[in-house]
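Trainee: Structure for this input, please:
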Amino acid sequence: MSLARSLQNIWYNNTGMTVMLRPLAWLYCVVIYIRRLLYKLHLLKSTKLSVPVIVVGNLTVGGTGKTPTVVYIANLLKRSGYSPGIISRGYGGKAKTWPQQVRPDCDPVMVGDEAILMARRTGCPMAVGPDRAATGAMLQKHSKCDIIISDDGLQHYSLGRDIEVLVIDGQRRFGNGFCLPAGPLREPVARKDKVDFVITNGIAGFNEYSMEYRGNVAINLADESKRIKLEEFSDGLVHVVAGVGNPERFFEQMRNKGINVVEHAFTDHYPFAVSDLEFGDSFPILMTEKDAVKCYRFATENMWYLPIDVYMDNDFEMQLLNLLEKKQDG
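Mentor: Coordinates of the predicted model:
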């Protein structure tokens, strides 16, 4: 975490280290430009699947809210009569062969935590693998999906796409505005103007759609039939655990609910073990849903997680469905 905090300080502030790293950031941008140009000139191969592909991604390193956005879009498409499938990298998964199909009861050690969460929250067919084109083709072969959502695939140009959705952290935005390693950007900020939709996790800017997290009922890991409102945690200390891209956002949300938070920040996709959650007392432990996926095997009665639902303006839903229809007609 100390390394992560040091990087955050460099990326979201203008420090002396930022200045030193700028030449490497400019070189990185040149490489990114050449790579995109090669795909545009068809010198690098981009595979077009036989069904429409919606890519949901971000420009910055770390979490912005892509996973709940994918869940939201998948459930929207299901309500609208589509049969969506989901593909992802399977970050952190240790499977020996790829692609891998994902079921809600799969081992997160093999396929990654976010994949399990998305499979559980959507009920959609899902597959993971580093080659997204091959993963999408496999998912088509083994399911009846008529549209595919690619999680975190904005920079993976080897997979053709029909619609691009960019998700931004409304608090941190684009940090200091520099590409790696001087800043948090995977691509220059100008890439934002080339996507179809920009969703902001928080207060939206011009031509952006605001996304709001809502969740007020915690679920017990040891017995999911037990559910309590967050207000019931306000009587004493609560160990709040977050192994996500921006742990402080989750801590702040819990403080805003009146919870006396004891912060425990871990790196994104952290592989939790029993010892990580032994705090030497009997206070409740509250974690994100993504972290809970990795803690079921040693869950105790004082462990709880908070499922999050995304709420957005109805205009985004209409615009997305209309654009999808146009793409199919065209």
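Trainee: make it CA atoms for all contacts and neighbour counts henceforth
Mentor: Fine.
Trainee: On the three-state scheme, F279 is what?
Mentor: coil (DSSP: H, G, I helix; E, B strand; the rest coil).
Trainee: ok, now how distant is it from Y91?
Mentor: 28 Å (C-alpha to C-alpha, to the nearest Å).
Trainee: Buried ones in the helix or strand of the chain with the lowest mean pLDDT, by neighbour count?
Mentor: Among the helices and strands of the chain, helix 2-11 carries the lowest confidence by mean pLDDT, DSSP states H and E, at a mean of 74. Neighbour counts over helix 2-11 (16 or more other C-alpha atoms under 10 Å) mark L7, N9, I10, W11 as buried.
Trainee: Quick one: residues contacting the last one.
Mentor: Each residue near W11 by C-alpha atoms under 8 Å, 6 or more residues apart in numbering is listed here: T18, G175, N176, F178, A182, G183, P184.
Trainee: The third one too?
Mentor: With C-alpha under 8 Å, 6+ apart as the criterion, the residues that contact I10 are M17, T18, A182, G183.
Trainee: Are we agreed that the third one is in a helix?
Mentor: No: secondary structure of A182 (three-state DSSP): coil, not part of a helix.
Trainee: Tell me where the stretch 151-300 of the chain has helices.
Mentor: Using DSSP state H, counting those that start in this stretch, the helices found in the stretch 151-300 of the chain span residues 247-256, 289-292.
Trainee: Can you name the next helix or strand after the last one?
Mentor: Once the chain leaves helix 289-292, the next helix or strand it forms, by DSSP states H and E, is strand 303-306.
Trainee: What is the distance between the next helix or strand after that next one and the centre of its chain?
Mentor: Heading C-terminal from strand 303-306, the first helix or strand you meet, by DSSP H and E, is strand 309-312. Distance of strand 309-312 from its chain centroid, counting by C-alpha atoms, centre = their mean, to the nearest Å, is 14 Å.
Trainee: List the strands paired with strand 309-312, with their directions.
Mentor: Partner strands and pairing direction for strand 309-312 (DSSP bridges) are strand 209-214 (antiparallel).
Trainee: model confidence over the partner strand, on average?
Mentor: The average pLDDT for strand 209-214 rounds to 92.
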